[in-house]
Structures are given as structure tokens and as C-alpha cells.
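Participant: what follows is a predicted protein model with its sequence.
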Amino acid sequence: MMGKLEGKVCVVTGAAGSLGLASSEAMLAEGAKVLLVDRTNQQLAEAAKPLEKYKDRLAVCAANVADVSETKKYIGAAVKALGKIDVLFSNAGISGVIAPISQYPDELFDQVMAVNVRASFLAIKYAQPFINDGGSIIVTSSVVGVTSDPGICAYATSKHAVIGLVRTAAKELAGRNIRVNIVAPGPIDNSFQKNIEDGITKATGRDGTKLLDSIIPLHRHAKADEVAKMVLFLASNESSFSTGSVFMADGGMHI
């Protein structure tokens, strides 16, 4: 039986993180060829270890995704190693710090915007000529792309911004039947989220993890592979009539 992404070429940024890695594995399991993109070769080597059985359909490229030439580099690497792109998953992101706007570091605000917004803009801009008609672009936002809380001005702003980017791209690329959608996770049980929750704990004096679980209707964090199933749906033809949309995977946290 053929996989849902049999022979499709997928590019995943932030691939060494838990969602990037789980999504890459889900794509590979469905027959895809995948380029993993992250900051360093060391991170990519670690990420590739559990994917060893797929090594004939796997490639890696270290890149600074917020840089134009580095973006062109990883897109070129994908096409050279695997072929023209069918799925682009712009997933790389950073969280910044927990601090009120009046105290938020200017340079860190710019850095969060660069990695979380500029990188997705560059990915969509420079990948377009190398994406097959009928392809799929997925960008990771967050539950705070549709909500917010005190202390997260940079992160929330960036995650709102990519929704506007995606809605614009969806209209611009519809003529080529390229779908562009958002996956918006709530808290995932991983080290990225742990850093955010440590900040919440420090800022509020309450256990950040327990605090979030108490306000999530399903009362728990997601597992990375649960969110990866949403990514796989958006990557595959099963989502063939969905574009410009925000797909929540947040345990009901936004409602």
C-alpha cells in the first residue's frame, strides 16, 4: 500500500526540535523524502539518529533560516539532493523571554521576529519557484497566535504575524493549487516548552507546567507526535480543499 506522501519531497525547518523531528518521521513513514534543516550539523546528526532506517530518503542542511543566502542554500540543497519540493514545513522558532513590554529587551524582540516571522517569509518567498503545483506549505504558529498573555509580547506578536503571512500567501499561490496553512499547537511536552514554563514559574511564583495544564480543557500537554499528525494531514492530499486556515492542536486552550 502506498503511503500518503509516497515519493513527495518535504523540507522541514526546526527539524531537530520535537515537533520538527516527529513530523519528519511521520512524513518518512508515509513514503516521503525529507530534508531536515536546523542551526548546526551537530543538532542535525542527533536528529537523524532515530531516522536511520530512512537514510536513503533523508538529507540534512545546517542553516540560519532568518538569512536570505542561507534560505537559498537549504532550498537548493533540497532540490539537488531530493528533487523539486512538494511540502514546505516552516517550523523553526524561538520563544524569547517572559517580561512586560516596558522591560522587554529590544534586541531579543527583533531576534524573535527574525526567526519566527522573517524566516517563514523567506522560506515562502524563495521556495516558490521550486515547489510543485499542487504542493503544500505549512507554518507553525501557536495557540498564542490567536490569544495572548502578559509577558510574551515578542512571541505572541510573531505567532499572530505568521497567520497574516499565511493568509496572504494562500491567496497568492491558489492559482497554482499550492495550499498554505497554519498549525497552531498548544503546549507540547518538550524542552522548548519547558523553557517557557520555567519563565512563567519565575514570573508568577507558580509552577508554570501545572498552571498551563489547569487552563487547558484537556488538562495536559500534547505529545509531539499528536501535533505531527495534524502536520501530516496538512502535508497530504487529505487536506486538499483547505488553505489559508489555522488548524488548532491545543487541547482547547484557545476557547
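Facilitator: Right, received. Where do you want to start?

Participant: low pLDDT regions in the stretch 151-255 of the chain?
Facilitator: Residues of the stretch 151-255 of the chain meeting the criterion pLDDT under 70: none.

Participant: where along it do the helices fall?
Facilitator: Ranges of helices in the stretch 151-255 of the chain, per DSSP state H, counting those that start in this stretch, are 153-173, 191-204, 208-215, 224-235.

Participant: pull out the buried positions in the first one.
Facilitator: When you say that, I think you mean helix 153-173. Residues of helix 153-173 classed as buried: 153-163, 165-167, 169-170, 173 (neighbour count, 16 or more other Cβ atoms under 10 Å). Quick note: C-beta positions are derived from backbone N, CA and C, even for glycine.

Participant: closest to Val11 out of the helices of the stretch 151-255 of the chain?
Facilitator: Comparison of the helices of the stretch 151-255 of the chain against Val11 by Cβ to Cβ identifies helix 224-235 as nearest, at 10.8 Å.

Participant: give me the number of neighbouring residues for Val12.
Facilitator: 30 (other Cβ atoms under 10 Å).

Participant: pretty sure it contacts Ala22?
Facilitator: No. Val12 lies out of contact with Ala22 (Cβ atoms under 8 Å); the separation is 10.1 Å.

Participant: what touches both of these two?
Facilitator: Applying Cβ atoms under 8 Å, 6 or more residues apart in numbering, one finds that no residue jointly contacts Val12 and Ala22.

Participant: tell me the secondary structure at Ser136.
Facilitator: Assigned state for Ser136: strand (three-state reduction, DSSP: H, G, I helix; E, B strand; the rest coil).

Participant: mind listing the residues bridging to it?
Facilitator: Beta-bridge pairing for Ser136 (DSSP bridges): Val87, Arg179.

Participant: quick one, what contacts it?
Facilitator: The neighbourhood of Ser136, defined by Cβ under 8 Å, 6+ apart, consists of Asp86, Val87, Leu88, Ile178, Arg179, Val180, Asn181, Leu234, Ala235, Ser236, Ser239.

Participant: hmm, Met27 and the second one touching each other?
Facilitator: Meaning Val87. Yes. With contact defined as Cβ under 8 Å, Val87 counts as touching Met27 (7.2 Å).

Participant: the residue of the chain most remote from its centre and Arg118: what is the separation?
Facilitator: Taking Cα atoms, centre = their mean, the residue of the chain most remote from its mean C-alpha position is Gly205, at 30.1 Å. Noted for Gly205: a distance of 35 Å to Arg118, by Cβ to Cβ, to the nearest Å.

Participant: distance from stretch 32-39 to the middle of the chain?
Facilitator: 12 Å (Cα atoms, centre = their mean, to the nearest Å).

Participant: and for stretch 104-118?
Facilitator: With Cα atoms, centre = their mean, you get 17 Å for stretch 104-118.

Participant: buried stuff in stretch 183-191?
Facilitator: Val183, Ala184, Pro185, Gly186, Pro187, Ile188, Asn190.

Participant: now do stretch 60-72
Facilitator: Residues Val60, Cys61, Ala62, Ala63, Asn64, Val65, Ala66, Glu70, Thr71 are the ones in stretch 60-72 that count as buried (16+ other Cβ under 10 Å).
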